[in-house]
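S.K.: whatever this is, show me its structure:
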Amino acid sequence: MLSEQRLRAVPWNALAGLAPSLGPAIDEVLAGAPAERVLDRLLRRERYDERQRRVAAEAVFGVGLWRRRLGAPAPALVLLARLARDLGACGDAASLLGVDASPAPVPRGLAVRYSQPDWLASELARAAGDEAEAAADAFNVPAPIFLRARGSRDEVARSLREDGVETKPCLHASAGLEVVSERPNLYGSRAWNEARFEVQDESSQRVGELTGARPGMRVLDLCAGAGGKTLQLAELMRGQGELHATDVDAERLERLRRRTERAQVAGLRVHRRESLPGGPFDVVLVDAPCSALGALRRGPDLRWRIDPTSFAPLPAQQRSLCLEAASLVAPGGRVVYATCTFRREENEDVAHGLEAERPELRRDATLELWPHRDRSDGFFAVAWTRVK
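M.R.: Numbering: from 1, shown residues only. Model (predicted):
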């Protein structure tokens with residue numbers, strides 16, 4: 001398992017003396033606090049050296065992620081000792097933490113072995129089939145950092161290298177770079193200060209490229225959110241044409257406006273939902289609200305805080321957005337529907353439903369991405385052309 005291999009490389013011996021500070025932090029995560037916030041407060045409060053900071057991060061995130069495999073409910077330090085000893089191969093972990101920790105229960109089944117709620121293991125088995133174990137393992141490994149270069153990808157990579165950040169070109173996204181340096185100082189780099197890249201997963205970049213947006217078009221991002229794909233569309237259009245972005249979340253639109261100003265993007269118009277201009281558009285992108293299960297790697301304890309009953313209204317919302325997009329696209333224009341989840345009800349079922357209601361849409365492409373296959377977040381996208 002890749003997820004266990006990486007745990008064996010953690011310097012667990014740095015646990016010595018950290019039990020008094022790590023125990024309460026892990027308790028917070030087990031009680032439902034987001035691991036990222038807990039870790040941030042811990043690292044600000046404690047004067048850890050570099051090795052201690054790394055092991056603290058693995059402890060807080062790791063127990064949050066692996067709690068079921070480790071035998072929760074149990075005392076936080078017992079779970080941590082099992083993580084370091086049973087998965088991380090640190091034989092003296094229990095003595096370093098001053099606890100008596102029996103071995104973790106023998107893992108049986110997908111849910112326990114990969115530490116998932118039963119509902120998530122069921123969803124994953126249904127969606128991934130024979131690849132469910134490989135997918136579950138990949139969702140337990142931290143996601144790589146991907147960048148979208150603005151301008152020349154080679155020049156951005158060269159600039160980052162001068163500041164000590166090594167990257168390599170993405171295999172599929174034409175402007176994508178994968179960061180390969182450990183603990184890179186991206187936001188201290190000259191390339192960041194000059195707004196020469198955006199942090200954007202490769203899967204998201206591939207969806208943006210699927211739109212076929214180009215200079216001179218009239219384009220609408222119907223669910224812009226904070227604008228990662230919107231800014232990508234602006235790059236593809238090179239400031240020529242009309243790019244409109246809207247969302248029901250006013251706070252996210254404000255974040256998009258700030259990002260637009262920082263990147264000095266030309267030709268982008270941000271609208272509140274009620275002031276959206278009419279069609280027709282050459283491209284309409286529907287990056288729909290979804291269950292976001294494809295991004296589980298980005299929140300190691302997120303799986304324990306999701307309420308699966310909240311998924312029920314999503315397909316109807318997604319269908320409504322797709323129908324709106326179909327009504328706004330011009331003949332010969334393109335509709336792209338995307339989600340960052342692997343649930344069929346939100347993916348192919350929505351796409352087939354739209355095709356049944358709007359037969360003038362001809363499917364051109366389907367994109368289904370998984371972390372174990374593509375190393376990117378899980379994503380689904382369909383592109384249609386309106387033929388009449």
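S.K.: any low-confidence regions in the chain?
M.R.: The chain contains no residues with pLDDT under 70.
S.K.: now the helices for the stretch 151-300 of the chain?
M.R.: Counting by DSSP state H, counting those that start in this stretch, the stretch 151-300 of the chain has helices at residues 153-162, 190-193, 202-210, 228-237, 250-263.
S.K.: select, out of those helices, the one closest to residue 175.
M.R.: helix 153-162 (5.7 Å; C-beta to C-beta). Where you see a C-beta, it was placed from the backbone N, CA and C, and this is true even at glycine.
S.K.: and the closest one, what does it pack onto?
M.R.: Under the contact criterion of 3 or more C-beta pairs under 8 Å, 6 or more residues apart in numbering; DSSP states H and E, helix 153-162 touches strand 145-149, strand 167-169, strand 176-179, helix 190-193.
S.K.: returning to what we had before: of all the helices of the stretch 151-300 of the chain, which lies closest to residue 319?
M.R.: With C-beta to C-beta, the closest approach to residue 319 among these belongs to helix 202-210: 18.8 Å.
S.K.: between helix 228-237 and that closest one, find me the angle.
M.R.: 40 degrees (axes from the mean of the first three to the mean of the last three C-alpha atoms, to 10 degrees).
S.K.: care to break the protein down by domain?
M.R.: Domains of the chain are assigned by automatic domain parsing as 2-103, 145-199, 202-386.
S.K.: need the strands for the stretch 251-388 of the chain, in chain order.
M.R.: Remark: strands assigned in the stretch 251-388 of the chain by DSSP state E, counting those that start in this stretch are 268-272, 281-287, 329-339, 361-369, 379-386.
S.K.: about what we covered before: could the helices of the stretch 151-300 of the chain go into CSV alongside distance to residue 169 and mean neighbour count?
M.R.: Below are these laid out as CSV (distance: least, C-beta to C-beta, whole Å; neighbours: other C-beta atoms under 10 Å):
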stretch, distance to residue 169, mean neighbour count
helix 153-162, 6, 17
helix 190-193, 15, 16
helix 202-210, 10, 24
helix 228-237, 17, 24
helix 250-263, 21, 15
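S.K.: which among these is found nearest to residue 330?
M.R.: helix 228-237 (16.0 Å).
S.K.: center of this structure - which residue?
M.R.: By C-alpha atoms, centre = their mean, the chain has its centre lying nearest to residue 295, at 3.7 Å.
S.K.: just checking, it touches residue 371?
M.R.: No: applying C-beta atoms under 8 Å as the test, residue 295 and residue 371 come out as separate, 9.5 Å apart.
S.K.: need the residues touching each of the two.
M.R.: Common contact partners of residue 295 and residue 371 (C-beta atoms under 8 Å, 6 or more residues apart in numbering): 143, 377-378.
S.K.: a markdown table for the residues you listed, including distance to residue 366?
M.R.: Converted to a markdown table, the shared contacts of residue 295 and residue 371 look like this (distance: C-beta to C-beta, whole Å):
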| residue | distance to residue 366 |
| --- | --- |
| 143 | 23 |
| 377 | 17 |
| 378 | 14 |
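S.K.: just give me the closest of the residues you listed to residue 318.
M.R.: Using C-beta to C-beta, residue 378 is the member of the shared contacts of residue 295 and residue 371 that lies nearest residue 318, at 16.1 Å.
S.K.: tell me who's in contact with the closest residue in space to that closest one that isn't next to it in sequence.
M.R.: Nearest residue to residue 378, sequence neighbours excluded (C-beta to C-beta, 6 or more residues apart in numbering): residue 294, at 2.5 Å. Remark: with contacts taken as C-beta under 8 Å, 6+ apart, residue 294 is in contact with 203, 339-342, 369, 371, 377-380.
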